[in-house]
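A.B. asks: Quick one, what's the 3D model for this:
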Amino acid sequence: APPMIDLHGHLCYGVDDGPRDRDEAVALAVALKNAGVTTFACTSHIRPDKGWINDKTVIAANLAKSREVGDSVGLEVVAGAEHYVDDRVFGGDGWAQRLVPYGASRWILVEHPYFGTLPDLLGFLARIRKEGFKVLLAHVERFPQMADDDALVDRLVDAGHLVQVNLGSLAGAYNRAQQKAAEKLLKRGVVAVL
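C.D. replies: Sure, this is the predicted structure:
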């Protein structure tokens, strides 16, 4: 079987809404391995509004914890983070140096706010690109203000950003609206990562 890479998941325990402890993390790693995942990007949340600060200041410790879990089941773990759109993440001096790209790449996972739409989403993302990063947009189907706006999604894709959809959404794990949005995005051919 070809290698399967998971680009959006929470394996580091005790740092956000992912596994609470090592046992839960190991169970998740086993399930990932059994599903055919060979490499896992540990994208712990950077969400100051929830007190989750898994940025460059703690990534070495998070990665060591996650790699120990991955090694225990034969799962390769690489760095990453889920960057919430917030001025405390993407603002202030040196904000770009705090971002956590995937492995040695310049790609970052960006999570849009759940309510409302950024007044200048394309401009905001262009500012990230000007710092040399490329953007994978996290679970677009969970944001109706984006998923229901075909023209906006097309502009985002045309600007070089990639759209990610959760497999859980397609399976109906959240709600019917998100499942339908995920199916629509897939049918439209705009999804780069599942």
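
A.B. asks: quick one: contacts for residue 1?
C.D. replies: By CB atoms under 8 Å, 6 or more residues apart in numbering, residue 1 lies in contact with residue 36. In this view, the C-beta of every residue, glycine as well, is placed from N, C-alpha and C.

A.B. asks: I should have written residue 96 there, sorry.
C.D. replies: So residue 96 contacts 128, 131, 132, 133 (CB under 8 Å, 6+ apart).

A.B. asks: Nearest residue to residue 29 in space, please, no chain neighbours.
C.D. replies: With sequence-adjacent residues excluded and distances taken as CB to CB, 6 or more residues apart in numbering, residue 29 is closest to residue 73, at 4.7 Å.

A.B. asks: Residues touching the biggest helix by length in the chain, excluding its own?
C.D. replies: Identified as the longest helix of the chain according to DSSP state H is helix 59-73. Outside helix 59-73, the residues within contact range by CB under 8 Å, 6+ apart are 11-13, 15, 22, 25-26, 29-30, 33, 40, 42, 44, 54, 75-77, 79, 81, 100.

A.B. asks: Work out the gap between that helix and the centre of the chain.
C.D. replies: Centre-to-centre, helix 59-73 and its host chain are 18 Å apart (CA atoms, centre = their mean, to the nearest Å).

A.B. asks: Pull out the buried positions in the longest strand along the chain.
C.D. replies: Secondary structure of the chain read by DSSP state E shows that its longest strand is strand 37-47. Residues 37, 39, 40, 41, 42, 43, 44, 45, 46, 47 are the ones in strand 37-47 that count as buried (16 or more other CB atoms under 10 Å).

A.B. asks: Can you spell out which residues form a bridge with the first one?
C.D. replies: Spelled out, that is residue 37. residue 4 (DSSP bridges).
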